[in-house]
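Give me coordinates for this.
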Amino acid sequence: MATSVLSKDAPAPSPLMSQAVVYNGLVYCSGSLGIDPATGKFAEGTVTDRTSQALKNLDAVLKAAGSGLHKALKVNIFLSSIDYYSSVNDAYAQFITQEVKPCRTCVVVAELPLGAEVEIEATAHI
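Just a heads-up that it's a prediction; the model follows:
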């Protein structure tokens, strides 16, 4: 049976989705933007700062499900410009430190919600 995950340490999801769903020992996370849950606004600073915030948000959701970024199996990153690729990698390397790195896809899209530069989703085990 699938169960929904809701963490108060990450921005609230839209009424149309769950922050994550747990099923069969896996956690499937919705996309995360660099929004500070305390303010409801994008983290100030650089793309690296907003990427760090997006990863913090994802980690909070994963922890609420009994997992964490250190248990990520697959990460999908969406960028609004390829120019952000190295900045995103700078933040990503600070969070993804486990020996077995998750599989990863990074694509450039025409536009992201709320004008974000980066959106990140993950699947992890419990």
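
Return the per-residue confidence for Thr46.
Note on Thr46: pLDDT of 98.

ok, it touching Ser87?
Yes: contact criterion C-beta atoms under 8 Å: Thr46 and Ser87 qualify, at 6.4 Å. In short, each C-beta sits where N, CA and C put it, glycine included.

Compare those two and say which is more crowded by neighbours.
Legend: neighbour count by other C-beta atoms under 10 Å for Thr46 and Ser87, higher for Ser87 (18 against 14).

State whether that one is indeed within a helix.
Yes: if the criterion is DSSP: H, G, I helix; E, B strand; the rest coil, then Ser87 is within a helix.

That one reaches Thr51, doesn't it?
Yes: judged on C-beta under 8 Å, Ser87 makes contact with Thr51 at a distance of 6.8 Å.

May I have the residues that are in contact with the nearest residue to Lys71 once chain neighbours are set aside?
With C-beta to C-beta, 6 or more residues apart in numbering as the criterion, Lys71 has its nearest non-adjacent residue at 4.4 Å, and that residue is Ala124. Residues in contact with Ala124 (C-beta atoms under 8 Å, 6 or more residues apart in numbering) are 26-27, 29, 62, 65, 67-69, 71-73, 102.
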